[in-house]
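Provided below are the primary sequence and the corresponding predicted coordinates.
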Amino acid sequence: MSKPTPHQPPVPGPRPVPGPGPQRRPAAAPVAAPTRSDADRAAAVAAATAHGRIDDDLRVFLLTPEGEREVGQYPDAEPQAALEYFAGRFIDAVDQADLLEQRLAAGADAAQVRSSARTHLEELPELAAIGDMTALTAQLTALIERTDAAQEQARADRAERLDEGRAKRTQIVTEAESVAAQDPERTQWKQSAARMRELFDAWKSIQGQYPRLPRAEDQELWGRFSAARSTFDRGRKAHFAQLDARSSEGKRVKEKLIVRAEELSGSTEWRDTAAKYRGLMDEWKAAPRAGRRDDDALWARFRAAQDVFFDARTAENARIDDEYRGNLTVKEALLDEARALLPVKDIDATKTALRGIQDRWEDAGRVPRADLSRIEGGLREVEKALADAEASEWERTNPETRARTSGVLAQLEDSIAELEDDVVKARESGDSRRVAAAEEALEARRSWFAQLRQTADELA
């Protein structure tokens, strides 16, 4: 094995030695060369070797339009292998440039891509490789120019995203303030609290999806949002504290009503106690709610106390109704007897018969409550029919009515005679309108006279 040159590391076996020049500076971001197939890489290496030469000392030179430059030495190797080694390094540089183009097209940060491309471009004059440096230089130069445009587009896109994020944040803040400003008496607290949580989640999501706003603007919007949430939380706590207070008051009031209801449950003063229970019910309805669970339990106790009283009253009424069922049979027979007097033909005889029925009706006693209205109503119908017959008879035989009817008939007769003269005169005048008016008035008087005459005949 040959002795290493000054640029060759002391390692066994043949190893290429790069030419003079500074060591490669690290790129702005690590770049991995894209993968080529073996055939593609071999073809690319072969094409790159056309841009280099090797002398008898196995020194490799890069051929450029400006001249040649030594790039390194590959001792103890075949000349073609030495050329292919430095051509391979050129292909690695091309692959890195291709990768930067791919990253830019995929939306990578244009400034980082530009920095890496400039680093590669600055290293080309001293790169220990052979290949079409002019083409690679043009590729990197064009890439740098595209990063400028990409960065400008990125600025525009960022500004657009910034505006969009600002609008979404402002919308969230505005809605949160609207929710916080609701009338506490009309607020649906459960739904509103859920909406506030959704708005907060949306805010956090926007913070991750969109660029951050300028510090002062971001603090101003967050301050408004935070203030709206705090206002809403205070209102919600105050509302439920008020509900708790009302529930406690409702529980206290209803427990007192239950005590009063239980005190009345053993009473046998049916009418008065029932009225008192109605009063207690009105107070119960007016009392505040005591909370769903407590309210149901309190109502069950209140209702149980009422049931004791009303069940006892029902049992007592049932006992009394059993005693009165015999009276009902008697009064139903009397009602049939009274209804048989209708229609009234002889007022005096009907009055006498009905008076006897009424006396026996009183002697029969009370009937069950469920039948009271039917039985009493039936007898009142018979009594009303008799009263109507008496009124009609009085109207028919009233001397004052007969006298008024006779006087009106006499006046109508005189009026008819005058109207008959008017008809004659109208016909003599030949005025058809006058004749029609006179005949119409005469006909009306005659009709009235006929009706009144019929009434007078009925009264006679």
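Done, it's in.

isn't there a strand covering residue 68?
Yes: assessed by DSSP: H, G, I helix; E, B strand; the rest coil, residue 68 belongs to a strand.

got the contact list for it?
Contact partners of residue 68, counting by CB atoms under 8 Å, 6 or more residues apart in numbering, are 53, 61-62. Every residue, glycine included, has its C-beta placed from N, CA and C.

if we go to 6 Å?
Neighbour list for residue 68: residue 61 [criterion: CB atoms under 6 Å, 6 or more residues apart in numbering].

from residue 278, how far off is it?
Counting by CB to CB, to the nearest Å, the separation of residue 68 from residue 278 is 120 Å.

one more: residue 378?
For residue 378 relative to residue 278 (CB to CB), the value is 31 Å.

neighbour count winner among these two?
residue 378 (16 against 9; other CB atoms under 10 Å).

just confirm residue 54 contacts residue 80, I think it does.
No: the criterion here is CB atoms under 6 Å, and residue 54 misses it with residue 80 at 8.5 Å.

quick one, which of these two is more surrounded?
Higher neighbour count among residue 54 and residue 80: residue 54, with 21 against 11, using other CB under 10 Å.

quick check: bridge partners of the more buried one?
Beta-bridge pairing of residue 54 under DSSP bridges involves residue 60.

which ones are touching it?
Counting by CB under 6 Å, 6+ apart, residue 54 touches 60, 79, 82-83.

confidence score at it?
Looking at residue 54, its pLDDT stands at 93.

and residue 88, what helix or strand is that in?
helix 79-105 (DSSP states H and E).

what's stretch 171-189 in contact with?
192, 199, 202-203, 221, 224-225, 228, 231-232, 235-236, 239.

switch the residues you listed over to a markdown table; also include distance to residue 148.
Shown next, in a markdown table, are the contacts of stretch 171-189 (distance: CB to CB, whole Å):
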| residue | distance to residue 148 |
| --- | --- |
| 192 | 51 |
| 199 | 40 |
| 202 | 36 |
| 203 | 35 |
| 221 | 33 |
| 224 | 39 |
| 225 | 38 |
| 228 | 43 |
| 231 | 49 |
| 232 | 49 |
| 235 | 54 |
| 236 | 54 |
| 239 | 59 |
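
now the buried members of the residues you listed.
Taking 16 or more other CB atoms under 10 Å as the criterion, what is buried in the contacts of stretch 171-189 is 192, 199, 202-203, 221, 224-225, 228, 232, 235-236.

just these: which are in helices?
192, 199, 202-203, 221, 224-225, 228, 232, 235-236 (DSSP state H).

can those residues go into a markdown table with extra columns for pLDDT and distance to residue 101?
A markdown table is the format used below for those (pLDDT from 0 to 100; distance: CB to CB, whole Å):
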| residue | pLDDT | distance to residue 101 |
| --- | --- | --- |
| 192 | 93 | 53 |
| 199 | 91 | 43 |
| 202 | 92 | 38 |
| 203 | 91 | 38 |
| 221 | 90 | 39 |
| 224 | 93 | 45 |
| 225 | 89 | 43 |
| 228 | 92 | 48 |
| 232 | 89 | 52 |
| 235 | 89 | 58 |
| 236 | 89 | 57 |
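
closest one to residue 392 out of those residues, please.
residue 192 (74.4 Å; CB to CB).

mind checking pLDDT for the residue nearest to that closest one when sequence neighbours are not counted?
With sequence-adjacent residues excluded and distances taken as CB to CB, 6 or more residues apart in numbering, residue 192 is closest to residue 179, at 5.3 Å. Note on residue 179: pLDDT of 91.

quick one: residue 179 is in a helix?
Yes: under three-state DSSP, residue 179 falls within a helix.

among the contacts of residue 54, who's most crowded?
The most neighbours, when those are compared by other CB under 10 Å, belong to residue 60, which has 27 neighbours.

mind listing the helices for the stretch 1-150 of the chain?
Under the criterion DSSP state H, counting those that start in this stretch, helices of the stretch 1-150 of the chain are mapped to 38-49, 79-105, 110-123, 133-180.

these: which one's closest to residue 352?
Of the helices of the stretch 1-150 of the chain, nearest to residue 352 by CB to CB is helix 133-180, at 85.4 Å.

before we move on, the earlier item: spit out the residues that contact residue 54 and residue 80 alike.
By CB under 6 Å, 6+ apart, no residue touches both residue 54 and residue 80.

can you get me a residue count around the residue nearest to residue 192?
Residue 179 has 20 nearby residues by other CB under 10 Å.

from residue 225, how far off is residue 69?
Using CB to CB, residue 69 is found at 64 Å from residue 225.

swap that for residue 188, please
21 Å.

with residue 194 instead?
Residue 194 sits at a distance of 17 Å from residue 225 (criterion: CB to CB).

phi, psi of the residue sitting furthest away from the middle of the chain?
Centroid-distance maximum for the chain: residue 56 at 89.3 Å, with CA atoms, centre = their mean. According to degrees, to the nearest 10, the main-chain angles of residue 56 amount to phi -70, psi -20.

what's the answer for residue 340, then?
Dihedral angles (degrees, to the nearest 10) for residue 340: phi -70, psi -20.

over to the one 10 residues further on?
Phi and psi for residue 350, reported as degrees, to the nearest 10, are phi -70, psi -40.

ok, it - contacts?
341, 344, 386 are the contacts of residue 350 under CB under 6 Å, 6+ apart.

tell me the spacing between the nearest residue to the first one once chain neighbours are set aside and residue 342.
This points to residue 341. Nearest non-adjacent residue to residue 341, counting by CB to CB, 6+ apart: residue 350, 5.1 Å away. Distance from residue 350 to residue 342, counting by CB to CB: 8 Å.

over to residue 439?
Taken as CB to CB, the span from residue 439 to residue 342 is 48 Å.

can you check residue 183 too?
Residue 183 is 68 Å from residue 342, by CB to CB.

quick check on the two: which one has the bigger neighbour count.
Under the neighbour definition other CB under 10 Å, residue 183 and residue 342 were set side by side, and residue 342 has more, 13 against 7.

output the below-cut-off pLDDT ranges for the stretch 351-460 of the chain.
396-407, 456-460 (pLDDT under 70).

in it, which spans are helices?
With DSSP H, counting those that start in this stretch as the criterion, the stretch 351-460 of the chain has helices spanning 369-397, 399-429, 432-459.

now those as JSON lines including distance to residue 119?
As requested, the helices of the stretch 351-460 of the chain are exported to JSON lines (distance: least, CB to CB, whole Å):
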{"stretch": "helix 369-397", "distance to residue 119": "109"}
{"stretch": "helix 399-429", "distance to residue 119": "132"}
{"stretch": "helix 432-459", "distance to residue 119": "124"}
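
what's the spacing between the nearest residue to residue 317 once chain neighbours are set aside and residue 232?
With sequence-adjacent residues excluded and distances taken as CB to CB, 6+ apart, residue 317 is closest to residue 369, at 6.2 Å. Using CB to CB, one gets 59 Å for the distance from residue 369 to residue 232.

from residue 445, how far off is residue 424?
Distance, residue 424 to residue 445, using CB to CB: 15 Å.

who's more crowded, these two?
More crowded of residue 424 and residue 445, by other CB under 10 Å: residue 445, with 18 against 12.
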